[in-house]
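Engineer: Starting from these lines, generate the structure:
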Amino acid sequence: MKKLSTGKIWLFAMGQFGWAMLSGLISNWLVYFYQPDEVAISQGQTVFIPQGLVVLGIFTVIGGITAFGRIFDAITDPMIASWSDRCESKQGRRIPFLKWASLPLAASTVLVFWSPVGTTSTLNALFLFAMVMAYYLSITAYCTPYNALIPELGHTQEERLNISTVISFTFIAGTAMAYLAPTIWGAFIPSLGRVNAIRATFTAIAVVAWIFMLIPVLTIKEKEYVNTVPTRESAFSSLTSTFKNAEFRKFVGSDIFYWIGLTMFQTGLPFFVTSLLKLPETMTTLYFVGMTALSLVFYLPINKLTPKFGKKKLMLFAFAVFGAAFFYTGFIGNIPGIPAAVQGGILTVVAALPMAIFGILPQAVVADIAESDATQTGENREGMFYAARTFAFKLGQSLSMLLFTAVSTIGTGTGMGYRVAAFLAAVFCVLGGLIFIAYNEKKINANIR
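Structural biologist: Here you go, the predicted structure:
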């Protein structure tokens, strides 16, 4: 089969740039839009859904909706993966899914923020629930087959590492575009008002994202690079076989805790900036873009150091640094002698390196495990390995959204809830690192060789 050239790798990565923009809009701004703090309300943000601890008397409405959405997403992952692994289309097993899922994904992302009633209403909550479910189904239908192409397009560990490096770059770039949203909607507010300015901004970003998601579909002929036989296993049988892999279970266990911590941090970042540091919401963009730009500096060194030190050691280092960064976040705004803007800058610098490591290496680890498993079992379940990974970490993200939206209400108006969320993020990140210590990288590499 053909080897994927550097140019083709970048064309493939454009799909990740597209869906990362949409994912960034949901992960970074959904809670901020529907559970606004006092700062956002004072600037004209409408409260569209009922607030407070009303779901089972424990969780907020937005927390319940987003958590259920993640659970729904996790459940559909194995189903989509199985369909993709068994697909017999002339275009390949993965590309047809990318083609048909791109437009529904872009459209549902926009509609998530388009409440039908202009005031607080239960109808808005029901509409939001439906659109969040549509979004998660669409992003699963695109991302699960997309990720499965990583071990299939990369025929060696070096090629897979290169693909993971490039798509992690476009993922961060896409997420950074989502963080640019406040700067964009700020320009529209004088003419459209705050809510419509946000919606116009998200619509424009979604159109751009849709175009980028189609680039791999139009430029890569899957069957010229991939020669795999569609699996015959059922979804349940394939998922069960996937979780029988002991090293995969260790990786997934650590990944769940990592994503709980990271999701709490990402969801809380706009609140950390406005409520703890007392800075304008546009500073969220500045900090994240700065974090992204600095992390890119580490991409080439990580790519070069990975063959020398191994993926495991670098990821354990990243767990430790991220845990320290999240713990530090719990104190920002209360550190004497350091200006608030500088405190945010310190967080940006500390988080950049682990952000780069986790942007590149986990995808490569899953690709290695999938190839190792194929050598042992003779089954090409690449799609199911990525689906099983997302099945697990999305369950973790569901718990994260429930925890964040609940604890953020502690000491409403004082910021105490946001500090508790940051400390919890640090704890979960450290737990993830402790579990990953048990991962046997030497065994996986030996199987591949």
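Engineer: What residues does the closest residue to T375 other than its chain neighbours make contact with?
Structural biologist: Closest residue to T375 apart from its sequence neighbours, by C-beta to C-beta, 6 or more residues apart in numbering: N447 at 5.5 Å. Glycine gets a C-beta too; all of them are placed from N, C-alpha and C. N447 sits next to S372, T375, Q376 when contact means C-beta atoms under 8 Å, 6 or more residues apart in numbering.
Engineer: mind listing what E371 touches?
Structural biologist: P151, I448.
Engineer: Who are the packing partners of the strand or helix carrying D73?
Structural biologist: Using DSSP states H and E, D73 maps to helix 61-85. With contacts taken as 3 or more C-beta pairs under 8 Å, 6 or more residues apart in numbering; DSSP states H and E, helix 61-85 sits against helix 6-34, strand 53-55, helix 95-111, helix 122-153, helix 235-243, helix 382-407.
Engineer: any low-confidence regions in the protein?
Structural biologist: 52-59, 228-236, 380-383 (pLDDT under 70).
Engineer: Give me the buried subset of the contacts of N447.
Structural biologist: S372 (16 or more other C-beta atoms under 10 Å).
Engineer: Mean neighbour count, the helices and strands packed on helix 61-85: which tops it?
Structural biologist: helix 382-407 (a mean of 26; mean count of other C-beta atoms under 10 Å).
Engineer: so that one versus helix 95-111, what angle?
Structural biologist: Calculated by axes from the mean of the first three to the mean of the last three C-alpha atoms, to 10 degrees, helix 382-407 forms an angle of 10 degrees with helix 95-111.
Engineer: now helix 382-407: how far from the chain's centre is it?
Structural biologist: 10 Å (C-alpha atoms, centre = their mean, to the nearest Å).
Engineer: Mind checking which of the contacts of N447 land in helices?
Structural biologist: S372, T375, Q376 (DSSP state H).
Engineer: Reformat the helices and strands packed on helix 61-85 as JSON lines; add distance to G186.
Structural biologist: Listed next are those as JSON lines, based on distance: least, C-beta to C-beta, whole Å:
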{"stretch": "helix 6-34", "distance to G186": "14"}
{"stretch": "strand 53-55", "distance to G186": "32"}
{"stretch": "helix 95-111", "distance to G186": "19"}
{"stretch": "helix 122-153", "distance to G186": "24"}
{"stretch": "helix 235-243", "distance to G186": "45"}
{"stretch": "helix 382-407", "distance to G186": "25"}
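Engineer: Quick one: closest of those to V226.
Structural biologist: helix 122-153 (4.4 Å; C-beta to C-beta).
Engineer: So V47: helix, strand or coil?
Structural biologist: At V47, secondary structure determined by DSSP: H, G, I helix; E, B strand; the rest coil is coil.
Engineer: ok, the closest residue to it other than its chain neighbours to Q45 distance?
Structural biologist: Spatial nearest neighbour of V47, chain neighbours left out: T120 (5.1 Å); criterion: C-beta to C-beta, 6+ apart. T120 is 12 Å from Q45, where distance means C-beta to C-beta, to the nearest Å.
Engineer: of these two, who's got more company?
Structural biologist: Ranked by neighbour count (other C-beta atoms under 10 Å), T120 and Q45 place Q45 first, with 18 against 14.
Engineer: For the residue nearest to T375, give its distance to L361.
Structural biologist: N447 is 18 Å from L361, by C-beta to C-beta.
Engineer: host element of the residue of the chain most remote from its centre?
Structural biologist: The outermost residue of the chain, judged against the average C-alpha position, is G337 (35.1 Å), by C-alpha atoms, centre = their mean. Taking DSSP H and E as the definition, G337 sits outside all helices and strands.
Engineer: how about it, phi and psi?
Structural biologist: When read as degrees, to the nearest 10, the backbone of G337 gives phi 80, psi -10.
Engineer: Please report how far it lies from T329.
Structural biologist: 18 Å.
Engineer: Could you do V273 as well?
Structural biologist: 11 Å.
Engineer: Identify the residue nearest the residue nearest the centre of the chain in space, chain neighbours excluded?
Structural biologist: Most central in the chain under C-alpha atoms, centre = their mean is S23, positioned 6.5 Å from the mean C-alpha point. Using C-beta to C-beta, 6+ apart and skipping the chain neighbours, the partner closest in space to S23 is I139 (6.6 Å).
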